[in-house]
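Engineer: Can you look at this prediction? I've put the sequence above it.
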Amino acid sequence: MERFVAIDRDGVINEDSDEYIKSESEWIPIAGSIDGIARLTQAGFRIVIVTNQSGLSRGLFDLSALNGIHKKLQDCLSRNGGRVEMIFFCPHGPTDHCTCRKPSPGLLRQIEDRFNLDLSGLPFIGDSFSDVQAARKVGMEPILVRTGKGEQTLSDHPDLSDVRVFSNLNEAAHDLLDRWRNA
């Protein structure tokens, strides 16, 4: 099986905000998340980020600001031995009825097309129910972290007993590495 991991951004890699992450200065990594991605990268995993960014359609920030945030993320990863192959984002709002906004699987289908990859069984680490739903729609293994919206997701959806849950991205990465080594 391909060593490939999809990861949500806000609330999983970096601190989330109900006011949105609108600038580089507001992008703050969650403790251990950069190390977790770096360890996965160094073990040969290919990492992609899959993120809804409705702040674009709401006019809270522009594409230049989003690119700056993503450059900061990439630079932070690079300094720590990590790498992200690509960042897939949905610029639409919840009322735009697009096919790329999670829980729709459009962004994940883009990954399949871009990398000529079957996502079935591959992990998708997120913090929201929409992440779990999107993963399930393409046959990925949803993994939930308790950071960001994770605790609220678990509280609102007690039917997630079949989803692996970890305190944070670093712990989820550790588990993926253990499973890969023991496979």
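Structural biologist: Alright, I've got the coordinates.
Engineer: Just give me the longest strand of the chain.
Structural biologist: Longest strand of the chain, by residue count under DSSP state E: strand 46-52.
Engineer: Give me the contacts around that one.
Structural biologist: 2-10, 13, 37, 40-41, 73, 82-90, 101-102, 107-108, 111, 115, 124, 130-131, 134 (Cβ atoms under 8 Å, 6 or more residues apart in numbering). All C-beta spots, glycine's among them, are computed from the backbone N, C-alpha and C.
Engineer: one more time with 6 Å
Structural biologist: 4-9, 37, 84-90, 101-102, 107, 111 (Cβ atoms under 6 Å, 6 or more residues apart in numbering).
Engineer: Same question for stretch 74-94.
Structural biologist: 34, 37-38, 41-42, 46-54, 56-57, 70, 98, 100-101, 107, 110.
Engineer: In that stretch, which residues are buried?
Structural biologist: Residues of stretch 74-94 classed as buried: 76-77, 80, 82-84, 87-93 (neighbour count, 16 or more other Cβ atoms under 10 Å).
Engineer: and it, C-alpha only, in CSV?
Structural biologist: Extracted in CSV, the C-alpha atoms of stretch 74-94 (Å, rounded to 0.1, in the frame of the first residue of the first chain):
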residue,chain,number,x,y,z
GLN,A,74,6.0,24.8,4.4
ASP,A,75,9.1,26.7,5.8
CYS,A,76,8.4,25.5,9.3
LEU,A,77,8.1,21.9,8.1
SER,A,78,11.3,22.3,6.0
ARG,A,79,13.3,23.5,8.9
ASN,A,80,12.2,20.4,10.9
GLY,A,81,12.8,17.8,8.2
GLY,A,82,9.1,17.6,7.0
ARG,A,83,7.5,18.1,3.6
VAL,A,84,4.1,18.5,2.2
GLU,A,85,3.6,17.4,-1.4
MET,A,86,0.7,19.7,-2.0
ILE,A,87,-2.0,21.7,-0.3
PHE,A,88,-5.5,21.2,-1.6
PHE,A,89,-8.0,23.9,-0.5
CYS,A,90,-11.6,24.8,-1.1
PRO,A,91,-12.1,28.5,-1.4
HIS,A,92,-15.9,28.3,-1.2
GLY,A,93,-18.4,29.1,1.6
PRO,A,94,-21.0,26.7,3.0
